[in-house]
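S.K.: Quick one, what's the 3D model for this:
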Amino acid sequence: MIRAIHPLPVSVFVIFLLCMKTSSLGSGSLSKDGKLMRCIEKEREALLVFKQRVGVETKHDILHSWKKEEENCCNWKGIGCDYLTGHVNCLYLSSFTSPISINSTTDSIDKLLLNLPYLNYLDLSNNLLGLAIPTFNGSLTKSILHHIRNHSKLQYLNLSSNFFDGPIPKFIGSLNSLRYLDLSNNYFSGVIPHELGNLSKLQYLDLGYNYILKGGENFKWSFNLSSLTHLDSSTIYFHHPSTWLSFSLRSLPYQKLEVSSDNLDGYLPTVFEHHSDLQFLDLSDNHLTGSLPNFTGFPSLRVINLSNNEFSGSVPDFTGCSSLQVLRLNNNQLEKWETQSSELPSSLNELDLSVNSIHGTISEVHLSNLSSLKYLRASFNSLTFKFSSEWFPHFQLSDLSLASCKLGPKFPNWIRNQRHLGHLDISNSQISDTIPNWFSNLSTVLYSLNLSSNKFRVGALSDNCMHFRGLLFLNLGHNKFSGRIPKSVGHLISLWTLILRNNKFHGELPASLRNCSRLGFVDFGLNKLSGTIPSWIGEDLPQLYALILKSNRFFGSLPYEICHLSNLHFLDLSINHISGTSPTCIDNLTAMIQKRIEIAEHIYSSEDSLVPIPGPQSICL
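M.R.: Here you go, the predicted model:
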């Protein structure tokens, strides 16, 4: 799961800046009198020994900067020093791209921590420490925690994403200087120790995505964290989650609250409305019900994620959230867009209303002031988008997803100035028009285009969809296009999915299609295509995963070259005029494990707008 990066509390951010001062700039620490502060030799030697032990096995960017010939370790990346004493007080060894792999027989980490007794900042996140080092009593690594226990000056501790397992050690509650604690994305189990309630200075606590960690019957210890402003307890199991949330909101001055996938149920606590300093609210993936409140009086709120719940009623007024950038209400049971009261703040960057039952009309009145909007998603609702033909928005979208909304009957002219669109889905939107000429100039970064299940007028498919060289996904299925498939389809050399299903195309497959060598999924079923199955399909489309040509007018025998498609899982040539004997080599296609079985409904639905989900493999001739 990809997780958002959230701003640090101010005091924690100050700690971070002080530690990264030397790490980022590589200029060393300055003493009070302005002289360059040198690090302590014993600590420098400990760092070099650590690099020697683990550096052979990794190309970690930070370790690579630790040069033996550089005498002042305060200049090294990831190292911060006290400007008065020269002691290393900050150690930053987070690795997002090349995790440190430490041999399980070494004691590298514990020796390093033993020789760095003045640390107040320690970041070992995003490594593989829990996999490589033996555990102690089913808990964290004995060597690491034995010496973390002794670092009572620690204000910042990040051990996230390390595969650590076992109970969270109780002694962490004795690190009384901690302001920031991140143990997320591990495999901690058992009940969260109540000793964490002793961390009275703690401002940031992230325990999220430890999927078997429990909050216990009594989570009241968290109410003692009087300084806590940022909490992520996502996926943690609580006995009475909604009761805990209500008490927690009464007790703590939250600025960031992330409690997703926690089995919360019932109504959204009304006490939450008193948190005017709230900046980030994520209660997604729960079972919350009832109507959404009017979000008035939240000038600092930047993110609201209430997706994947059971909220009903109307979309409320959000103009009171003057700083709001992200609003996710998707996958609920919302029913109505109030023309007058459903207002949006001008700061909005992302709006997701998809997969609800919302009916109503959205006009330029609702969107005209959204100059920062980049993501507009409202698919699978009963919304009508009604704009003047002369209206053009001030925003530039990256993602426009309005499947199953009403945009037609005319092709929406208001999108013609969108130059940054990457994803466009206006399928099943009651358009009965032609694709306009200006469409080919729409966006140079378009990678996904879905115009399926509309009522485009009968006529040949123009080249207007064939100029997007970066296109990966193209679905024009379930329309009334006729004529030949244009040769310009061969320009789409990055294409992986091409769906022209259920139109009235005729003639042979264009030979230019062989240029699309990355094609994985092709569905030309239910057309009037004819000719023989070309041999170049097997020669030039080696990545084909599914080939569906059913219900056309192909004739002749199946070419031997089809056997070159070693990745082929689905082949449907049924209801054609294929004759002769199928090549025996088809039996050797290792991806095929079933023969002459109709492709199951759950494998591919003709109404789907997404790339099909892999399932049982089949062939239908």
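S.K.: And residue 507, what's its pLDDT?
M.R.: With respect to pLDDT, residue 507 scores 97.
S.K.: Next: residue 195.
M.R.: Residue 195 is assigned 93 on the pLDDT scale.
S.K.: That one looks like it's in a helix, true?
M.R.: Yes - under DSSP: H, G, I helix; E, B strand; the rest coil, residue 195 sits within a helix.
S.K.: Test my guess that it contacts residue 167.
M.R.: No - the pair residue 195 / residue 167 is not scored as a contact, 11.3 Å apart, by CB atoms under 8 Å. Every C-beta, even on glycine, is put in place using the N, C-alpha and C of the backbone.
S.K.: element containing the closest residue to residue 333 other than its chain neighbours?
M.R.: The shortest distance from residue 333 to any non-neighbouring residue, by CB to CB, 6 or more residues apart in numbering, is to residue 312 (4.5 Å). In this structure, residue 312 sits in strand 310-315 according to DSSP states H and E.
S.K.: And residue 281, by the same measure?
M.R.: For residue 281, the element it lies in under DSSP H and E is strand 280-282.
S.K.: Can you list the helices and strands that that strand packs against?
M.R.: Applying 3 or more CB pairs under 8 Å, 6 or more residues apart in numbering; DSSP states H and E, one finds that strand 280-282 contacts strand 256-258, strand 303-305.
S.K.: any idea of the pLDDT on the closest residue in space to residue 70 that isn't next to it in sequence?
M.R.: Excluding its sequence neighbours, the residue lying closest to residue 70 (CB to CB, 6+ apart) is residue 76, at 6.9 Å. If you check residue 76, the pLDDT there is 93.
S.K.: show me what contacts the residue nearest to residue 198 when sequence neighbours are not counted?
M.R.: Counting by CB to CB, 6+ apart, residue 173 is the residue found nearest to residue 198 once chain neighbours are left out, at 4.5 Å. Taking CB atoms under 8 Å, 6 or more residues apart in numbering, we find residue 173 in contact with 193, 194, 195, 196, 197, 198, 199.
S.K.: For the fourth one, the count of nearby residues, please.
M.R.: The number of residues packed near residue 196 is 22, by other CB atoms under 10 Å.
S.K.: So the nearest residue to it once chain neighbours are set aside versus residue 263, what's the distance?
M.R.: Distances taken as CB to CB, 6+ apart place residue 173 nearest to residue 196, at 5.0 Å, with adjacent residues excluded. Between residue 173 and residue 263 the distance is 26 Å, computed by CB to CB, to the nearest Å.
S.K.: same check, this time on residue 188
M.R.: 18 Å.
S.K.: Of those two, which one has the most company?
M.R.: Between residue 188 and residue 263, counting by other CB under 10 Å, residue 188 is the more crowded of the two (26 against 15).
S.K.: ok so that one is a strand residue?
M.R.: Yes - with three-state DSSP as the criterion, residue 188 is part of a strand.
S.K.: what's in contact with stretch 401-409?
M.R.: Here stretch 401-409 makes contact (CB under 8 Å, 6+ apart) with 354, 376-385, 423-433, 450, 454-455, 609.
S.K.: Verify the stated contact: residue 236 with residue 210.
M.R.: Yes - with contacts counted by CB under 8 Å, residue 236 reaches residue 210, the gap being 6.9 Å.
S.K.: Quick check: what element follows the strand holding residue 281 along the chain?
M.R.: Scanning forward in sequence from strand 280-282 by DSSP H and E, the next helix or strand is strand 287-291.
S.K.: element containing residue 502, please.
M.R.: Residue-wise, residue 502 maps onto no helix or strand under DSSP H and E.
S.K.: which residues touch it?
M.R.: By CB under 8 Å, 6+ apart, the contact list for residue 502 reads 477, 478, 479, 525, 526, 527, 606.
S.K.: For the stretch 301-450 of the chain, just list every one of the strands.
M.R.: With strands called from DSSP state E, counting those that start in this stretch, the stretch 301-450 of the chain shows them at 303-305, 310-315, 326-328, 333-337, 350-352, 359-363, 375-377, 382-386, 399-401, 423-425, 448-450.
S.K.: Reformat those strands as JSON lines; add mean pLDDT and mean neighbour count.
M.R.: Formatted as JSON lines, these follow (pLDDT from 0 to 100; neighbours: other CB atoms under 10 Å):
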{"stretch": "strand 303-305", "mean pLDDT": "97", "mean neighbour count": "22"}
{"stretch": "strand 310-315", "mean pLDDT": "95", "mean neighbour count": "17"}
{"stretch": "strand 326-328", "mean pLDDT": "98", "mean neighbour count": "21"}
{"stretch": "strand 333-337", "mean pLDDT": "95", "mean neighbour count": "19"}
{"stretch": "strand 350-352", "mean pLDDT": "98", "mean neighbour count": "21"}
{"stretch": "strand 359-363", "mean pLDDT": "93", "mean neighbour count": "16"}
{"stretch": "strand 375-377", "mean pLDDT": "98", "mean neighbour count": "21"}
{"stretch": "strand 382-386", "mean pLDDT": "96", "mean neighbour count": "17"}
{"stretch": "strand 399-401", "mean pLDDT": "98", "mean neighbour count": "20"}
{"stretch": "strand 423-425", "mean pLDDT": "98", "mean neighbour count": "22"}
{"stretch": "strand 448-450", "mean pLDDT": "97", "mean neighbour count": "23"}
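S.K.: Tabulate those strands (TSV), appending distance to residue 274.
M.R.: Shown next, in TSV, are the strands of the stretch 301-450 of the chain (distance: least, CB to CB, whole Å):
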stretch	distance to residue 274
strand 303-305	16
strand 310-315	20
strand 326-328	21
strand 333-337	24
strand 350-352	26
strand 359-363	30
strand 375-377	30
strand 382-386	33
strand 399-401	34
strand 423-425	38
strand 448-450	42
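S.K.: For the stretch 501-621 of the chain, which segments are assigned as helices?
M.R.: For the stretch 501-621 of the chain, helices defined by DSSP state H, counting those that start in this stretch occupy the ranges 536-540.
S.K.: Low-confidence regions, it specifically.
M.R.: 588, 590-621 (pLDDT under 70).
S.K.: and the helix or strand where residue 50 lies, what does it pack onto?
M.R.: Using DSSP H and E, the element containing residue 50 is helix 41-55. With contacts defined as 3+ CB pairs under 8 Å, 6+ apart, the packing partners of helix 41-55 are helix 61-64, helix 108-114.
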